[in-house]
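Enquirer: One predicted model, sequence on top.
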Amino acid sequence: MSGHSKWAGIKHKKSIMDAKRGKVFTKVIREIIVASKEGGPKVENNPRLKKAIECAKEVNMPQNNIKKALQRNNIGIPRITYEEIVYEGYGLSGVALIVEVITDNKNRTVSDLRKIFSNCGGNLSEVGSVLWMFDRKGCISVDKSSTDEETLITIALESDVEDFKNELSSDEYELIVSPSRLSAVKNVLKEKHIEIVLAEIIMISKIQVSVNSDDAKHILKLVNALEERDDVKNVYVNFEIPSEDIDKN
């Protein structure tokens, strides 16, 4: 697999499936709580909170759950203090990983992450050892059925989009923008009635590592194990894995 598109699509579909088991509910609730505490409870003044609530609706979270999450920072309601932490590590073949977490127990989380990495042939590393290999970017996935390539390329050129991707095996186009341009480009697409599948701030690797099929299985096992944890928000990797190996997992 090369690039971000297919992996992002798989993660998105996987999240919808996980939501049926309640796992994504926990992740989204934590994000709502942290976003509300960071930028305030008013959605119109808090882009991060707006996105978190949009995610909650995408996975069909009951409105009452969203309301309770927003109330968690109010006076008189028992509080759990969440901390946002970024961990860095390596898997087999020197594949670099960034793991973003939201946790109420840092010691427990780091201990569990070390165990997961170790079980899959990897290891956590020092701060800064991996981050330099990635750039922070905005990523917008667009349903191909809602527009054509020529139209989208024209919009991209007029909107200062940094990169446009069209993988033949994907049902989506992908636009890469600077984080500060994410909201503006989203608004342009909405005005053109173009369907946005996913829009988020991500980490894109500057250095891609090719891996063989055997190592690919262990790396995918590592990524899946990390994403299964309730306190893990995002996992980013810099691998190139054949599509058939991803499809098997």
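Expert: Everything's here; your move. This structure is a prediction, so every number in the text was calculated from the model and none was measured. Residues are numbered from 1 along each chain as shown.

Enquirer: Going by C-alpha atoms from here, please, whenever you check contacts or count neighbours.
Expert: Fine.

Enquirer: How far away from the center of its chain is stretch 107-119?
Expert: In terms of Cα atoms, centre = their mean, to the nearest Å, the centre of stretch 107-119 is found 20 Å from the chain centre.

Enquirer: Over to stretch 85-94?
Expert: Distance, stretch centre to chain centre, for stretch 85-94: 16 Å (Cα atoms, centre = their mean).

Enquirer: Next, the buried residues of it.
Expert: Neighbour counts over stretch 85-94 (16 or more other Cα atoms under 10 Å) mark 87, 88, 89, 90, 91, 92, 93 as buried.

Enquirer: Just the pLDDT for residue 155.
Expert: With respect to pLDDT, residue 155 scores 94.

Enquirer: if we can go back for a sec, closest to residue 68 among the buried residues of stretch 85-94?
Expert: Closest approach between the buried residues of stretch 85-94 and residue 68, by Cα to Cα: residue 87, at 29.2 Å.

Enquirer: Tell me which residues touch that closest one, please.
Expert: Contact analysis of residue 87 by Cα atoms under 8 Å, 6 or more residues apart in numbering lists 98, 99, 100, 101, 124, 125, 127.

Enquirer: Check the offset of the longest helix along the chain from the chain's centre.
Expert: Ordering each helix of the chain by length in residues (DSSP state H) puts helix 23-39 first. With Cα atoms, centre = their mean as the basis, helix 23-39 stands 14 Å off its chain's centre.

Enquirer: Contacts for the helix or strand that comes right after that helix next, please.
Expert: Heading C-terminal from helix 23-39, the first helix or strand you meet, by DSSP states H and E, is helix 47-58. Outside helix 47-58, the residues that touch it by Cα under 8 Å, 6+ apart are 25, 28, 29, 31, 32, 35, 36, 39, 41, 43, 44, 66.

Enquirer: For those, name the two members farthest from one another.
Expert: 25 and 44 (22.6 Å).

Enquirer: Between those two, which is the more surrounded one?
Expert: Neighbours per residue (other Cα atoms under 10 Å) separate residue 25 from residue 44, with residue 25 holding more: 23 against 9.
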